[in-house]
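S.K.: predicted model follows, preceded by the sequence.
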Amino acid sequence: MILSRVLGNVVSSVQHPIYEGTKVLVLQPVTADGATPIGAAFLAVDSVQAGDGDLVLAAREGNAARQVLGTSVDPFHAVILGIVDQIT
Amino acid sequence: MELARVIGTVVASQKYEGLEGVKLLLLEALDEQLVAHGDPFVACDHDMMAGPGDVVAWIGGREATLNQPEHFVPVDASIVSIVDDVQARTLTEVLR
């Protein structure tokens, strides 16, 4: 799982039907301090009502995404799994 | 999922049988501020009708095949949506 900061969201009107009603957020992977970027930003479907600026846990792996969001044949590849309260 | 811009189309007359009828587009990866980075690559487009100039979201891996009418055709990148707008701030702005 990837520690990331939510930078914003993506709006799409034409999309695969399975994405209708989902919220797609822009995530920047960060180090444990929550403020240092690692690599490039990516997109993930929200499952925990995350918002801008939240530190979240995300999975960039299809099996996890499909388990959380849909069935075994849905084209999901990245999902937000949790909002981080604290890292010690 | 990642952002990209469609910069062209790709036509291949001879291809693996499962790829017949699959539309191929040339993409350049974009960051969250819609600035291009990295090398161009090819992704398939399942009846989304994305065209040159469109900003799209695409997925890779095994799930790319699930975006096709026939599952498990041999593709590794597939467009899942045409993006109208990206509302993203920079990490510095978010942390301010």
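M.R.: That came through fine.
S.K.: what mean pLDDT does the strand ranked longest in chain A have?
M.R.: In chain A, ranked by residue count with DSSP state E as the criterion, the top strand is strand A:2-15. Here strand A:2-15 scores 96 as its mean pLDDT.
S.K.: and stretch B:88-96, by the same measure?
M.R.: Rounded mean pLDDT across stretch B:88-96 is 94.
S.K.: can you give me the strands in chain B?
M.R.: For chain B, the strands defined by DSSP E occupy B:2-10, B:23-29, B:41-45, B:55-60, B:77-88.
S.K.: surely B:A29 touches B:H37?
M.R.: Yes. When contacts are counted by C-beta atoms under 8 Å, B:A29 is listed as touching B:H37 (5.7 Å). All C-beta spots, glycine's among them, are computed from the backbone N, C-alpha and C.
S.K.: related to what we said a few turns ago, could you tell me the angle between the longest strand of chain A and strand B:77-88?
M.R.: Orientation check (axes from the mean of the first three to the mean of the last three C-alpha atoms, to 10 degrees): strand A:2-15 against strand B:77-88 gives 100 degrees.
S.K.: check which helices and strands whichever helix or strand comes after strand A:2-15 is in contact with.
M.R.: Per DSSP states H and E, strand A:2-15 leads on to strand A:24-29 as the next helix or strand towards the C-terminus. Judged by 3 or more C-beta pairs under 8 Å, 6 or more residues apart in numbering or on different chains; DSSP states H and E, strand A:24-29 is in contact with strand A:2-15, strand A:42-46, strand B:77-88.
S.K.: just how off-centre is strand A:24-29 within its chain?
M.R.: Centroid separation for strand A:24-29 versus its chain: 6 Å, with C-alpha atoms, centre = their mean, to the nearest Å.
S.K.: contact partners for A:N9?
M.R.: By C-beta atoms under 8 Å, 6 or more residues apart in numbering or on different chains, the residues touching A:N9 are A:23-26, A:52, B:86-88.
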